[in-house]
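Visitor: Predicted model and sequence follow; I will ask about them next.
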Amino acid sequence: MTIWHVDDDTLQLELAAAILQKAAPGDAIVSFEDASEAAARLRHESPDLILLDLNMPRMSGWDFIEAVAAQPGLPPIVIVTSSIDPRDKARSAQYACVRSFLIKPLRLSDVRGLLHQS
């Protein structure tokens, strides 16, 4: 399985990579600090799952979803955010490509649950 993690916070990327490796040893974890880079790469590659932060400079998580939502074969997206705003969670439910909405920090139990859904 290939999992992409898109978050502008380097520490969050490192912590999540450690949790993901513990939950799914051997899976490929690809980190992006810039959502626009991930969106561009998504035109040529297809991961099995995308973990996506919402609040990022240049291209927000919402902008990323809008840019790729109509793409055929889009993998499921899991929002992993510090936002506790119920409007963000409600907005995420409007997108068929969004599988889940998680509040940071990412936890091992969250990851195991996601991997069982795949």
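Guide: Thanks, I have it.
Visitor: Let me know how buried R58 is, in neighbour terms.
Guide: 11 (other Cβ atoms under 10 Å). C-beta here means a position set from N, CA and C on the backbone, and glycine is covered the same way.
Visitor: Surely V80 and M56 touch.
Guide: No: assessed by Cβ atoms under 8 Å, V80 is found out of contact with M56, at 11.7 Å.
Visitor: Please say which of these two ends up with more neighbours.
Guide: Per other Cβ under 10 Å, whichever of V80 and M56 has more neighbours is V80, with 26 against 21.
Visitor: Just say helix, strand or coil for the more buried one.
Guide: strand (DSSP: H, G, I helix; E, B strand; the rest coil).
Visitor: related to what we said a few turns ago, any common contacting residues for V80 and M56?
Guide: Common contacts of V80 and M56 (Cβ atoms under 8 Å, 6 or more residues apart in numbering): D7.
Visitor: Is the residue nearest the centre of the chain part of a helix or strand, or is it coil?
Guide: By Cα atoms, centre = their mean, the mean C-alpha position of the chain lies nearest to L51, the distance being 1.3 Å. Here L51 is strand, with the state taken from three-state DSSP.
Visitor: quick one, what contacts it?
Guide: 3-7, 16, 77-78, 80, 106.
Visitor: where exactly do the helices run in the chain?
Guide: Assigned by DSSP state H, the chain shows helices spanning 10-23, 35-42, 61-68, 86-92, 108-117.
Visitor: Would you format those as a markdown table with mean neighbour count included?
Guide: Converted to a markdown table, those look like this (neighbours: other Cβ atoms under 10 Å):
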| stretch | mean neighbour count |
| --- | --- |
| helix 10-23 | 16 |
| helix 35-42 | 18 |
| helix 61-68 | 19 |
| helix 86-92 | 14 |
| helix 108-117 | 14 |
